[in-house]
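Enquirer: need a 3D model of the following:
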Amino acid sequence: MELLIQTVVNGLIQSGFYALAAIGLVLVFGVMRVVNFAHGELVMIGAYTIWFVHAQNGVPYLITVVLAILLVTALGLLMERFLFRPMTGDPLGGLICSIGMLFILQVIATYVGGEGPSKQVPPPFEGTLVLMDSVRIPYQRLFSITVAVFALGILWYFLTRTKFGWAVRAVSMDREAAALQGISTIRVSMIAIGVGAAMAGLAGALMAPLTNINPHMGHNVIIAAFIVTIVGGVGSLPGAVIASVLYALFHTFVTTYFSGTIATISGLVIMVLVLIVRPTGIMGHRVSE
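Expert: From the prediction side, this is the model:
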């Protein structure tokens, strides 16, 4: 029973990372109709920023988190301007560009961090919260899930209570109709990829003290983000959040009782089944042509 409760708690905490990572894919595809395969590498860059600036050079962790968000946001905006914008209307071209960017970012990370074993970041928040004498939650994980929930709350407010958020949702529903109403699709695309990249940078910054950092860590991130996005429904932010919780719990349980490899394979099988049975996912909708 203790192991069951601990597994549920770990899964709920993990869901925050999955939600932050998936949000970028949902926003970029919903607004720009581009599958950004380099999104996992944006998370990796956020984690590397924490390792290089905080762990190696002693800058306070919270300041470095802000730097990671700003750096990854700027990188996302550059990708929008020089990669995705010229490929507007050409999803395959945008996909190929994102794959090329994926390898470029991996090479840059290898150059900065060097070859060798994965990098480690000592947890800035030490200690463990003990609940019911058996459930243990490290303060670092507690901090991470709190920040993740807060960030998702801000994003929800932005999309549902601000004019720019309404514009993003309008373009996501029907890009041509939104343009006819005077909405700047270029500006909305910049907002979408900027917000998505910021969430990815935050996810990487929060994950850095809790995982092994290496140039290829984005692979696992993008796999989880794709599973969450497809199961939740392509273009649906609430669906992505719900799917993040469900997938995190599922992945944590399978990893605890079997192995991480089996958990990932099982998640991919579930994704394929969802595509067959319900292509729009839990809360998705058919995108307009």
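
Enquirer: how about the helices in the stretch 151-289 of the chain?
Expert: Here the stretch 151-289 of the chain has its helices, by DSSP state H, counting those that start in this stretch, at 163-173, 175-180, 185-207, 218-232, 237-257, 260-277.

Enquirer: please identify the most buried of the ones you listed.
Expert: helix 185-207 (a mean of 25; mean count of other CB atoms under 10 Å). In short, each C-beta sits where N, CA and C put it, glycine included.

Enquirer: name the helices or strands packed onto the helix or strand hosting residue 41?
Expert: Under the criterion of DSSP states H and E, residue 41 resides in helix 39-49. Applying 3 or more CB pairs under 8 Å, 6 or more residues apart in numbering; DSSP states H and E, one finds that helix 39-49 makes contact with helix 2-32, helix 61-79, helix 91-113, helix 185-207, helix 218-232.

Enquirer: out of these, flag the one nearest residue 173.
Expert: Evaluated with CB to CB, the helices and strands packed on helix 39-49 place helix 2-32 nearest to residue 173, the distance being 8.4 Å.

Enquirer: and that closest one, how far out from the chain middle?
Expert: Between the centre of helix 2-32 and the centre of its chain there are 8 Å (CA atoms, centre = their mean, to the nearest Å).

Enquirer: try stretch 258-270
Expert: Distance, centroid of stretch 258-270 to centroid of chain: 19 Å (CA atoms, centre = their mean).

Enquirer: next one: stretch 42-51
Expert: With CA atoms, centre = their mean, you get 12 Å for stretch 42-51.

Enquirer: can you list contacts of it?
Expert: Stretch 42-51 is contacted from outside by 21, 24, 61, 64-65, 67-69, 71-72, 75-76, 105-106, 109, 112-113, 119-121, 197, 200-205, 207-209, 211, 213, 215, 217-218, 221, using CB atoms under 8 Å, 6 or more residues apart in numbering.

Enquirer: quick revisit: tabulate the helices and strands packed on helix 39-49 (TSV), appending mean pLDDT.
Expert: Listed next are those as TSV, based on pLDDT from 0 to 100:
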stretch	mean pLDDT
helix 2-32	88
helix 61-79	97
helix 91-113	93
helix 185-207	95
helix 218-232	91
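
Enquirer: buried subset of the contacts of stretch 42-51, written for PyMOL?
Expert: Those of those that count as buried under 16 or more other CB atoms under 10 Å are selected in PyMOL with:
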select buried, resi 21+24+61+64+65+67+68+69+71+72+75+76+105+106+109+113+119+121+197+200+201+202+203+204+205+207+208+209+211+213+215+217+218+221
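
Enquirer: which residues does the residue lying closest to residue 127 once chain neighbours are set aside contact?
Expert: Nearest residue to residue 127, sequence neighbours excluded (CB to CB, 6 or more residues apart in numbering): residue 139, at 4.9 Å. By CB under 8 Å, 6+ apart, residue 139 lies in contact with 123, 125-129.
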